[in-house]
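Q: sequence plus predicted model, see below.
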Amino acid sequence: MRRVLLCLLTVVMFLTGCGAEKMEDVNLKEMSEAAESIRQAADEISTGNALSTGETENEEERADSGRAEGNGEQPLLHDISGMEKYAYSCLTDEEKALYQELYAILKAQDSDVEVSTCDIEMVDKVFQYVMADHPELFYVDGYSVNKYMRGEELKKLTASGTYTYSPEEVADLRERIGSCVDKILQEVPAGGGEYEKVKFVYEYLIEHTEYDLAVQDNQNICSVFLSQRSVCQGYAKAAQYLFDKIGIYSTLVTGTVSSGAGHAWNLVRVDGEFYYVDSTWGDASYVMREGDSGYQGNPPAINYEYLCVTTEQLCRTHTIDPMIPMPECNSMKSNYYVREGAYFETVDMDKVRGLFEKSYENGTECVTLKCADDNVYRELQRRLIEEQEVFRYLHSGDRKVAFSDNPKQNSLSFWL
């Protein structure tokens with residue numbers, strides 16, 4: 001029976017914040033050392049060293065076995081409305097098959113399972129797509145790939161997840177997260193449409209989460225649901241997790257913001273149209289900390305500038321990573337300011353008065369006017385602030401009002 005020499009190389013991928021850092025660890029030995037290793041290994045297949053031996057006749061059998069063990073139960077690739085996960089839908093058929101394999105490996109916390117490709121770049125890409133679609137994989141920190149070589153020829157790849165918790169710990173955390181989420185879902189407005197559901201998630205996360213770089217698990221949903229503290233990726237994955245639970249089609253989006261820092265937010269679909277939602281930038285605790293959102297003065301406690309916005313609006317402050325192709329979001333139908341009657345396409349002072357009266361009736365602490373363009377913004381700023389017409393709409397008798405203006409987003413906010 002003929003023996004074959006296979007060289008095993010390991011490529012490791014770690015998730016670090018909103019980006020990722022790749023490390024390649026290749027344990028190559030001199031030929032004399034390799035020969036000695038083969039003699040020592042005998043018929044054993046090594047998973048941690050550089051060299052392994054295997055029967056030529058059994059290679060295909062072992063590959064099939066590895067794939068079967070790794071797949072386990074059929075992965076759930078659809079949200080509750082029956083639609084494909086967003087990132088998954090952007091892949092080719094070959095990539096979708098790999099997506100299913102990687103998802104099954106990560107879901108089962110499996111290791112060293114053969115996959116259907118020898119393309120390491122494809123594995124890297126598809127891994128990112130899986131993680132973008134599945135916030136419930138909170139215990140996955142990265143992955144590694146073993147390359148099996150015969151001479152200069154790459155024969156196969158096996159994949160393993162990098163896990164931050166044991167299966168027993170994951171089960172406990174899932175139960176705790178589930179209890180927290182069940183309580184949150186009880187607060188979702190009864191009879192609300194998709195816009196109301198998205199707004200609820202946006203407001204809930206902002207009101208119940210503090211931006212904190214030091215909190216444990218700040219890149220996943222644990223930090224939000226169990227510690228009520230997180231950073232951008234924690235906010236975005238928690239939002240996505242809740243969207244999935246209430247039937248809102250969404251995915252994770254990554255990129256950078258105007259400061260150059262890495263960032264994460266969400267793409268959502270509301271009533272058939274796509275929008276961007278960034279609950280991190282909706283949180284005043286983050287805006288005050290980072291100071292690059294465009295506000296002159298303190299922002300409102302909940303900043304609605306990033307609730308259901310277009311691509312054009314988002315890209316005034318954000319740059320989208322092209323790794324996963326995003327749709328052009330150009331609808332304003334479910335934009336917060338449009339839905340709340342606070343979007344001004346013209347200078348309409350009767351509408352301004354009505355907005356202030358509505359805010360007083362609802363007991364809100366702040367009223368924000370969103371302008372469609374620079375001209376409307378400058379004219380409303382001139383009349384309300386420079387000419388002090390804002391005092392016509394205030395119930396307070398004293399001639400003082402706190403306000404904040406945001407020329408980058410064409411908005412004006414006044415505290416009642």
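A: Done, it's in.

Q: okay, domains of the protein per the record?
A: Using automatic domain parsing, the domain parsing of the chain gives 3-164, 176-339, 340-416.

Q: now those domains as a markdown table including mean neighbour count?
A: C-beta: built from backbone N, CA, C; applies to glycine. As requested, these are arranged in a markdown table below (neighbours: other CB atoms under 10 Å):
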| stretch | mean neighbour count |
| --- | --- |
| domain 3-164 | 16 |
| domain 176-339 | 19 |
| domain 340-416 | 16 |
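
Q: closest one to Val170 among these?
A: Closest to Val170 of those, according to CB to CB: domain 3-164, at 4.9 Å.

Q: residues contacting the lengthiest helix in the chain, please?
A: The longest helix of the chain (DSSP state H) is helix 167-185. Contact partners of helix 167-185, identified using CB atoms under 8 Å, 6 or more residues apart in numbering, comprise 109, 138-139, 163, 165, 204, 221-222, 225-226, 241-242, 245-246.

Q: and those residues, which is closest to Asp93?
A: Of all the contacts of helix 167-185, the one sitting nearest Asp93 is Gln109; the distance, using CB to CB, is 26.8 Å.

Q: is the residue nearest in space to the middle of the chain in a helix, a strand, or coil?
A: With distances taken as CA atoms, centre = their mean, Leu252 lies nearest the centre of the chain, 2.9 Å away. Secondary structure state of Leu252, per DSSP: H, G, I helix; E, B strand; the rest coil, is strand.

Q: picking that back up, tell me the two of the contacts of helix 167-185 that are most distant?
A: Taking CB to CB, the two most distant members of these are Gln109 and Tyr204; they sit 29.8 Å apart.

Q: now do the same contact list for Thr209.
A: Neighbouring residues of Thr209 by CB under 8 Å, 6+ apart: 224, 228-230, 234-235, 238, 283.

Q: give the contact list for Thr251.
A: Per CB under 8 Å, 6+ apart, neighbours of Thr251: 85-87, 132-133, 240, 266-267, 324.

Q: what's the nearest residue to Leu383 if we skip its chain neighbours?
A: Just so we're on the same page, residue 383 is Arg rather than Leu. Distances taken as CB to CB, 6 or more residues apart in numbering put Glu389 closest to Arg383, at 4.8 Å, once the chain neighbours are dropped.

Q: picking that back up, now the residue nearest to the centre of the chain: closest residue in space, sequence neighbours ignored.
A: Ala132 (4.4 Å).

Q: can you list contacts of the helix or strand that that neighbour is a member of?
A: Ala132 belongs to helix 120-133 when elements are defined using DSSP states H and E. Contacts with helix 120-133, where a contact means CB under 8 Å, 6+ apart, come from 11, 13, 15, 20, 22, 85-88, 90-91, 94-95, 98-99, 102-103, 106, 115, 117, 137, 140, 143, 145, 147, 157, 159, 251-254, 323-324.

Q: let me know the next secondary structure element after it.
A: Note on helix 120-133: by DSSP H and E, the next helix or strand toward the C-terminus is strand 140-150.

Q: helices or strands next to that following strand in the packing?
A: With contacts taken as 3 or more CB pairs under 8 Å, 6 or more residues apart in numbering; DSSP states H and E, strand 140-150 sits against strand 3-16, helix 93-107, helix 120-133, strand 153-163.

Q: which among the ones you listed is found nearest to Val367?
A: helix 120-133 (36.3 Å).

Q: His263 against Tyr286, yeah?
A: No: the criterion here is CB atoms under 8 Å, and His263 misses it with Tyr286 at 10.3 Å.

Q: any common contacting residues for those two?
A: Taking CB under 8 Å, 6+ apart as the criterion, His263 and Tyr286 both touch 232, 280.

Q: how far does the longest helix of the chain sit from its chain's centre?
A: With CA atoms, centre = their mean, to the nearest Å as the basis, helix 167-185 stands 19 Å off its chain's centre.

Q: now stretch 339-355
A: For stretch 339-355, the distance from its own C-alpha centre to the chain's C-alpha centre is 33 Å (CA atoms, centre = their mean).

Q: pLDDT (mean, whole number) over that stretch?
A: For stretch 339-355, the mean pLDDT works out to 97.

Q: which one of the contacts of Thr209 is nearest to Arg383?
A: Distances from Arg383 to the contacts of Thr209, taken by CB to CB, are shortest for Asp283, at 30.6 Å.

Q: centre of the chain to stretch 148-157, how far?
A: 35 Å.

Q: confidence score at Leu9?
A: If you check Leu9, the pLDDT there is 59.

Q: the one 3 residues further on too?
A: The predicted local distance difference test score for Val12 is 67.

Q: kindly report the same for Lys22.
A: pLDDT recorded at Lys22 is 37.

Q: low pLDDT regions in the stretch 1-150 of the chain?
A: Across the stretch 1-150 of the chain, residues meeting the criterion (pLDDT under 70) sit at 1-83.

Q: how about the strands in the stretch 301-416 of the chain?
A: Applying DSSP state E, counting those that start in this stretch to the stretch 301-416 of the chain gives strands spanning 307-309, 318-320, 343-344, 366-371, 403-406, 411-415.
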